[in-house]
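Chemist: sequence unknown, structure follows:
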DNA sequence: TTTATCTACTATATTTTTTATAGTAAAGGT
DNA sequence: ACCTTTACTATAAAAAATATAGTAGATAAA
């Protein structure tokens, strides 16, 4: 952006469909299929892309269980957890403007 | 989403490319062409779509100047200004994790 | 021990969004 | 009269999201 936007580092991945929701749900560590279900059948191609993007940004970490290669868990890194403050503000905003929803 | 996500009301428009940046730049009231320039030539079709979305959500307001129909200004509503708290948190996060950028 | 199920994806094709580019129509300046 | 600015819209191409099916390994059930 011409005029620097101090948050462009963040909007590059937060302003992408599903990212904000995904971070919310990853407050608990989750498996791929759990995320799919929770997110109402979000298609696996998109979910896979998004997880890779967030992993590359070091917002989440992917852990494969050594005893079972098919067991993979995703969770927030310290950097990712630190983003939850943003979610909190967002939750507050939603409760102020859509009180019936929260 | 199956399991309710309390912020889905917000992520529906914030999790869309350019929305977060747009709100940031609309801290000051701006005209269409200014936004285009500031956002590094963001194409007018997308900008137009986004402005309409945010207007529909009552995050921004569109004002046509009565003396000149070609003079249109966009600015944040109270609801939109209230979202700036989220931007602030985001700015803080960026400064913590990308100190060289801010 | 064959068969079925679960998990974590990838492949392919279709639909939706975004983008680049050009164009329009009104108003204002020169 | 002519050029520029403004706020868009139109069209076509490129990129991203989705639906759907499929794969491969591991575990469970018959």
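Modeler: Perfect, I can see it now. Small disclaimer: the values here were computed from a predicted structure and weren't measured. Numbers count the residues shown, from 1 in each chain, chains lettered A, B, ... in the order given.
Chemist: tell me where the model's unsure across chain A.
Modeler: Counting by pLDDT under 70, the low-confidence segments of chain A come to A:1-3, A:102.
Chemist: anything in the longest strand along it near DNA strand D?
Modeler: What stands out as the longest strand in chain A, according to DSSP state E, is strand A:68-76. Yes. Judged by CB under 7 Å from any atom of the strand, strand A:68-76 comes into contact with DNA strand D at A:68, A:69, A:70. Bear in mind the C-beta positions are built from the backbone N, C-alpha and C, glycine included.
Chemist: buried residues, that strand. List them.
Modeler: A:74, A:76 (16 or more other CB atoms under 10 Å in any protein chain shown).
Chemist: elements contacting it?
Modeler: Identification of packing neighbours for strand A:68-76 by 3 or more CB pairs under 8 Å, 6 or more residues apart in numbering or on different chains; DSSP states H and E yields helix A:32-38, strand A:60-65.
Chemist: mind giving me JSON lines with the residues of strand A:68-76 next to DNA strand D and columns for distance to residue B:88?
Modeler: Formatted as JSON lines, the residues of strand A:68-76 next to DNA strand D follow (distance: CB to CB, whole Å):
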{"residue": "A:68", "distance to residue B:88": "43"}
{"residue": "A:69", "distance to residue B:88": "43"}
{"residue": "A:70", "distance to residue B:88": "42"}
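Chemist: which residues does residue A:30 contact?
Modeler: Residue A:30 makes contacts with A:38, A:73, A:74, A:75, as judged by CB atoms under 8 Å, 6 or more residues apart in numbering or on different chains.
Chemist: for DNA strand C, tell me which of the residues of strand A:68-76 next to DNA strand D show up nearby.
Modeler: residue A:70.
Chemist: picking up where we left off before, quick check: next helix or strand after the longest strand of chain A?
Modeler: helix A:78-82 (DSSP states H and E).
Chemist: and the contacts of that following helix?
Modeler: Contacts for helix A:78-82 (CB under 8 Å, 6+ apart): A:23, A:26, A:54, A:57, A:58, A:59, A:60, B:93, B:96, B:97.
Chemist: quick check: residues of chain A near DNA strand D?
Modeler: Taking CB under 7 Å from any atom of the strand as the test, the list of chain A residues beside DNA strand D reads A:16-18, A:41-46, A:49, A:67-70.
Chemist: what is the burial count for residue A:47?
Modeler: Using other CB atoms under 10 Å in any protein chain shown, residue A:47 has 18 neighbouring residues.
Chemist: please name every helix or strand in contact with the strand or helix carrying it.
Modeler: Residue A:47 is part of helix A:44-56, with elements assigned from DSSP H and E. On a contact count with 3+ CB pairs under 8 Å, 6+ apart, helix A:44-56 meets helix A:19-25, helix A:32-38, strand A:60-65.
Chemist: closest one of the contacts of residue A:30 to DNA strand D?
Modeler: Nearest to DNA strand D, judged by CB to the nearest atom of the strand, of the contacts of residue A:30 is residue A:38 at 14.0 Å.
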